[in-house]
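K.L.:
A structural model of the following input is requested.
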Amino acid sequence: MTDAPESLILHDLRQIDQKVDRVIEDVHDLKVRMTAVEENLAGIYQNLAGVHRRIDRVEARLDRIERRLDLADAAPEQM
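P.N.:
Alright, predicted model coming up:
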């Protein structure tokens with residue numbers, strides 16, 4: 001048996017191994033980037049929730065002021 005066919009197979013296997021290593025590195029990089037995106041989105045949603053809470057408080061205070069000044073009905077309208 002000659003070394004040529006075995007050598008060709010080993011050469012092909014090494015090329016495949018190198019390509020798999022690059023794919024593994026790319027997947028790792030994508031995981032890191034996706035984690036960063038998820039963390040940023042979580043921060044954005046948290047900030048939005050805080051803004052909504054503040055708006056709700058402002059609306060409640062405005063409703064109370066309107067009732068005290070008799071500018072609105074005693075019972076606020078339901079949406």
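
K.L.:
what bits of this protein have low per-residue confidence?
P.N.:
1-3, 72-79 (pLDDT under 70).

K.L.:
now with 90?
P.N.:
1-6, 70-79 (pLDDT under 90).

K.L.:
Which helix or which strand is home to the residue nearest the centre of it?
P.N.:
For the chain, the residue whose C-alpha lies nearest the mean C-alpha position (CA atoms, centre = their mean) is residue 38; its distance is 2.7 Å. Assigned by DSSP states H and E, residue 38 belongs to helix 3-68.

K.L.:
Run the chain-centre distance for that helix.
P.N.:
5 Å (CA atoms, centre = their mean, to the nearest Å).

K.L.:
Over to stretch 52-69?
P.N.:
32 Å.

K.L.:
okay, that stretch in CSV with CA atoms only?
P.N.:
Provided in CSV are the C-alpha atoms of stretch 52-69 (Å, rounded to 0.1, in the frame of the first residue of the first chain):
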residue,chain,number,x,y,z
HIS,A,52,-43.6,54.4,32.0
ARG,A,53,-43.8,54.4,35.8
ARG,A,54,-43.0,58.1,35.9
ILE,A,55,-45.6,58.9,33.2
ASP,A,56,-48.2,57.0,35.2
ARG,A,57,-47.3,58.9,38.3
VAL,A,58,-47.5,62.2,36.4
GLU,A,59,-50.9,61.2,35.0
ALA,A,60,-52.2,60.4,38.4
ARG,A,61,-51.0,63.7,39.8
LEU,A,62,-52.6,65.6,36.9
ASP,A,63,-55.9,63.8,37.4
ARG,A,64,-55.8,64.7,41.1
ILE,A,65,-55.1,68.4,40.3
GLU,A,66,-57.9,68.5,37.7
ARG,A,67,-60.4,67.0,40.2
ARG,A,68,-59.3,69.6,42.9
LEU,A,69,-59.8,72.4,40.4
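
K.L.:
Flag every buried residue along that stretch.
P.N.:
By 16 or more other CB atoms under 10 Å, stretch 52-69 has no buried positions at all. For every residue, glycine as well, the C-beta is placed using N, CA and C.
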